[in-house]
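Visitor: Sequence plus predicted model, see below.
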Amino acid sequence: MSSAADSAHSRFTSGPITPTLATFALPLLMTNLLHSLSGTWGAIWVGQVLGPNALTAVATANVVLMMVMGAAMGIGTASAVAIGQSLGSGDLQAVKRVVGSAVIFVIGFSLSIAVIGWLLTPALIDWMDTPAAARELAITHLRYTCLTMPSIFTYLVMVMIMRGSGDSQTPFKFTLLWISLSVILGPLLLTGSMGLPHLGIAGLGVASVLSSSLALGALVLYIYLKRSPIALHGKDIRHLRPDPVLMGLLVRRGVPIAMETLVVQGSYFALLSLVNSYGAATAAAYSGAAQLWVYVQMPSNALSTSMSAMAAMNIGAGHWPRVEKIALRGCLMSVAVSALATVIIFSLGEAPLRLFIPEGGAVLDKAWHINTQALWGWIALSVSMGLFGIMRANGAMMAPMLIFGATMWGLRVPFALLLRPWLGEDAIWWSFPFGSICSALIAWAYYRWGSWREQALLLDKVEPAVEELRVGE
């Protein structure tokens, strides 16, 4: 095992839990913060330059992007778990096999989705009942968003693989490069400043393609120059030829993650259609309010990834009592930081919302009203995300998807639909905390009494088959 991999193994399996989680999560949190600030920066420019209808277009494209991103996240999550468990058990060759199969899959998948998405964009926009005033802007922005998918999805999987190997510092550095380029190029191409083409809302997509492609290229170069444990050198290149047994395992374990993203984002998709039915003002208010939700969700996402990476190595090493401690301390940290973010946002009053809705008035008032009902509910989500991260570290991918499916589609969406006659628009806003609290309660029950601990290590079942393929060569 390389010195970098050995260092991560030592910290994760025998170091102090809370400081190690915090140290590993901080670059992830900063990465998520940078992504959110980049999105916020773009939304501010769109709202200021093109108006609230363009902001609706951005929100629409973001929902669709997150839905299809689930497949890449599925493969990335399964690969990260397999790599963490393999490093925990000291099998570096298994790491190489996983990297090759994951990279080839995500490249082929993302190229296919980009083409299909471009062709189907008008139908998707119409199906979402997008207000007429925002339709053309939404089509343009979503199509250019599709063009970003190959570079973004490949970068995402590479980053998840690196985190699975215990390295969260390097992804942060290259994400900083990506975001910096995007923040600079986006407004310039949007407005046509400094002699650059005036592309309007398409400029955000072009800027994203350029910045993510450059960051991906720089990251791959760095991995090879530093001889990272995930780099494929010499005969390792053969692993880029998909191993059908290993690929099948990663896809099977990744499908629940992909389905989970479709389930969760699909529920937002359905609720967004309800929001759009109330007209352009409500759609713009919702889009502005939702820009702040990510800042409450960020800590849970970062800590969930950290908990999963740390737990996977300990599971691979057979340290189950330590896994239980990781779950408890990680969830407590996540709740505390998410609650702090909520308090800070509320204490700032309408100021953050005015960044997206500068004209104020009824749209701003409605956005504030939405957040008083929905924003605090995301604190409960941190419990679900933390416990799901621990479960996935042992390869239990299906349970989180089923729990989210039950709470989002079986509880959240029906809540909004059934209570609309009495609560009107408020039924939609109250459905968000309702769904999050239900998810947290069910996740805790399954973590406490479910069978997720009984899973075999991720590569145990495929190792014999892989060896047979190798003999056949």
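Guide: Yep, that arrived.
Visitor: contacting residues around residue 336?
Guide: Contacts for residue 336 (Cβ atoms under 8 Å, 6 or more residues apart in numbering) come out as none. The way it works is simple: take the backbone N, C-alpha and C, and place the C-beta from them, glycine included.
Visitor: Next one: it, what pLDDT does it get?
Guide: You'll see residue 336 listed with a pLDDT of 94.
Visitor: what do you get for the one 3 residues further on?
Guide: Reading off the per-residue confidence, residue 339 sits at a pLDDT of 95.
Visitor: With residue 371 instead?
Guide: Per-residue pLDDT puts residue 371 at 95.
Visitor: what about the nearest residue to residue 379 once chain neighbours are set aside, helix or strand, and which?
Guide: Excluding its sequence neighbours, the residue lying closest to residue 379 (Cβ to Cβ, 6 or more residues apart in numbering) is residue 338, at 4.7 Å. Counting by DSSP states H and E, the element that carries residue 338 is helix 320-347.
Visitor: So which bits of that helix are buried?
Guide: Taking 16 or more other Cβ atoms under 10 Å as the basis for neighbour counts, the residues of helix 320-347 that come out buried are 322-323, 326-327, 329-331, 333-335, 337-339, 341-342, 345.
Visitor: cool, stretch 38-58 as well?
Guide: Buried residues in stretch 38-58, defined by neighbour count with 16+ other Cβ under 10 Å: 38-48, 50-58.
Visitor: Between the two ends of that stretch, what distance do you get?
Guide: For stretch 38-58, the separation between the terminal residues is 13 Å (Cα to Cα, to the nearest Å).
Visitor: so where is this structure shaky, pLDDT-wise?
Guide: Along the chain, the parts satisfying pLDDT under 70 run over 1-10, 52, 60, 63, 89-91, 128, 239, 457-473.
Visitor: circling back: run the chain-centre distance for the helix holding residue 338.
Guide: On the basis of Cα atoms, centre = their mean, to the nearest Å, helix 320-347 sits 18 Å off its chain's mean C-alpha point.
Visitor: Which of the residues in the helix or strand where residue 249 lies are classified as buried?
Guide: Per DSSP H and E, residue 249 falls inside helix 244-276. Neighbour-count burial for helix 244-276 flags 245-247, 249-251, 253-272, 274-276 (criterion: 16+ other Cβ under 10 Å).
Visitor: Kindly report the same for stretch 395-407.
Guide: Taking 16+ other Cβ under 10 Å as the neighbour-count basis, stretch 395-407 is seen to contain the buried residues 395-401, 403-407.
Visitor: Next, please give the residue ranges for the helices of the stretch 301-450 of the chain.
Guide: 320-347, 351-354, 361-374, 378-393, 398-407, 413-423, 426-449 (DSSP state H, counting those that start in this stretch).
Visitor: Same list, those, but as a markdown table with distance to residue 161 please.
Guide: A markdown table is the format used below for these (distance: least, Cβ to Cβ, whole Å):
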| stretch | distance to residue 161 |
| --- | --- |
| helix 320-347 | 21 |
| helix 351-354 | 34 |
| helix 361-374 | 34 |
| helix 378-393 | 15 |
| helix 398-407 | 20 |
| helix 413-423 | 34 |
| helix 426-449 | 26 |
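Visitor: Return the distance of stretch 148-160 from the chain's centre.
Guide: Using Cα atoms, centre = their mean, the mean C-alpha position of stretch 148-160 is found 11 Å from that of the whole chain.
Visitor: repeat for stretch 364-372
Guide: Counting by Cα atoms, centre = their mean, stretch 364-372 comes out at 26 Å from the chain centroid.
Visitor: Adjust the sequence numbering to begin at 45 for everything that follows.
Guide: New numbering, starting at 45: the last item is stretch 408-416.
Visitor: didn't residue 425 look like it was pressed against residue 341?
Guide: Yes. Under the criterion of Cβ atoms under 8 Å, residue 425 lies in contact with residue 341, with a separation of 6.4 Å.
Visitor: Neighbour count for these two, which is higher?
Guide: residue 425 (26 against 19; other Cβ atoms under 10 Å).
Visitor: what's near enough to touch the more buried one?
Guide: Residue 425 sits in contact with 341, 344, 382, 480, 483-484, where contact means Cβ under 8 Å, 6+ apart.
Visitor: and if you look at residue 116?
Guide: Each residue near residue 116 by Cβ under 8 Å, 6+ apart is listed here: 150, 153-154, 197-198, 200-201.
Visitor: Please convert those to a markdown table, extending it with secondary structure, neighbour count and distance to residue 351.
Guide: As requested, the contacts of residue 116 are arranged in a markdown table below (DSSP: H, G, I helix; E, B strand; the rest coil; neighbours: other Cβ atoms under 10 Å; distance: Cβ to Cβ, whole Å):
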| residue | secondary structure | neighbour count | distance to residue 351 |
| --- | --- | --- | --- |
| 150 | helix | 25 | 24 |
| 153 | helix | 21 | 27 |
| 154 | helix | 23 | 27 |
| 197 | helix | 27 | 24 |
| 198 | helix | 23 | 25 |
| 200 | helix | 21 | 19 |
| 201 | helix | 26 | 20 |
